[in-house]
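Give me coordinates for this.
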Amino acid sequence: MHVLAISGSLRAASLNTRLLRAVSRLTPPDVSVELYGGIGDLPLFNPDIEASDPPAVARFRARLIAADAVLIASPEYAHGVTGAMKNALDWMVGNEAFVNKPVALLNASPLSIHAQASLKEIITVMSARVVEEASIAVPIRGSGLDEDGIVSDLAIAAAIRESMQALRAAVVRIQAESPV
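From the prediction side, this is the model:
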């Protein structure tokens, strides 16, 4: 199983990116997690250039379509989804990238509830399948934990492992439902 992980933050020291890197280390052996680092390369969404299929957009769409599932971890800015994340999703509205795709939403700050709700609404409208049992809040904001600290924290590591097992089970279930 191949999972595409997307951080909604462009910061080099992003908690959300750190969380996704830790997830890739805690994932079952039969699951690969690819951290997509290109949302900052996407041009601002513009319907006038959508048909020209900018190369960065084509690459992003291809990675999404090829993935069995998607993990999204995004910070909350002023009670909303980051501009980079919203822009990336806007580019995918007019295609099948998220249709029936299992998606888990991770949250590095349990206090950031508004952006999570908004993100869930956006990807649900895009016909993604939000996997509730795999969508978790991980309390790392303010903890000082780096990637190694996240991996070695017993409670956080257990929650991440359970989340990934739930995502894997959802992928299997959704693929079984789909006509061949």
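
Dihedrals phi and psi, Thr17?
Thr17 has phi and psi values of phi -70, psi -40 when expressed as degrees, to the nearest 10.

burial count for the residue nearest to Arg18 when sequence neighbours are not counted?
Of all residues not flanking Arg18 in the chain, Glu147 sits nearest, at 5.1 Å (CB to CB, 6 or more residues apart in numbering). Where C-beta positions appear, they are placed from N, C-alpha and C, glycine not excepted. Using other CB atoms under 10 Å, Glu147 has 17 other residues around it.

do the same with Ala155
By other CB under 10 Å, neighbour count at Ala155 equals 9.

pLDDT of the host helix or strand of it, averaged?
Using DSSP states H and E, Ala155 maps to helix 154-177. If you average the pLDDT over helix 154-177, you get 95.

quick one on the thing from earlier: contacting residues for the residue nearest to Arg18?
By CB atoms under 8 Å, 6 or more residues apart in numbering, Glu147 lies in contact with Arg18, Arg21, Ala22, Arg25.

cool, and Lys86?
Lys86 neighbours (CB under 8 Å, 6+ apart): Gly80, Ile122.

What's the separation between it and Gly38?
16 Å (CB to CB, to the nearest Å).

picking that back up, show me what the helix holding Ala155 is in contact with.
Applying CB under 8 Å, 6+ apart, the set of residues contacting helix 154-177 is 1, 3, 22-23, 26-28, 30-31, 68-69, 71, 100, 102, 104, 106, 129, 131, 133-136, 138-140, 145, 150-151.

Point out where this protein drops to low pLDDT.
180 (pLDDT under 70).

what ranges do the strands span in it?
2-7, 32-36, 69-73, 76-77, 80-81, 102-107, 129-130, 136-137 (DSSP state E).

partners of the fifth one in the sheet?
Looking at strand 80-81 with DSSP bridges, its paired strands and their directions are strand 76-77 (antiparallel).

can you pull the contacts of Met92?
By CB under 8 Å, 6+ apart, Met92 lies in contact with Phe60, Arg61, Leu64, Phe98, Met126.

sorry, that was for Ala67
Ala67 touches His2, Val3, Leu4, Glu34, Lys101, counting by CB under 8 Å, 6+ apart.

quick one: which of those residues has the most company?
When neighbours are counted by other CB under 10 Å, Val3 leads the contacts of Ala67 with 25 neighbours.

in the sheet, who's paired with that one?
Beta-bridge partners, per DSSP bridges, of Val3: Val33, Ala69.

That one touches Ile72, doesn't it?
No - between Val3 and Ile72 there is no contact under CB atoms under 8 Å: 10.8 Å.
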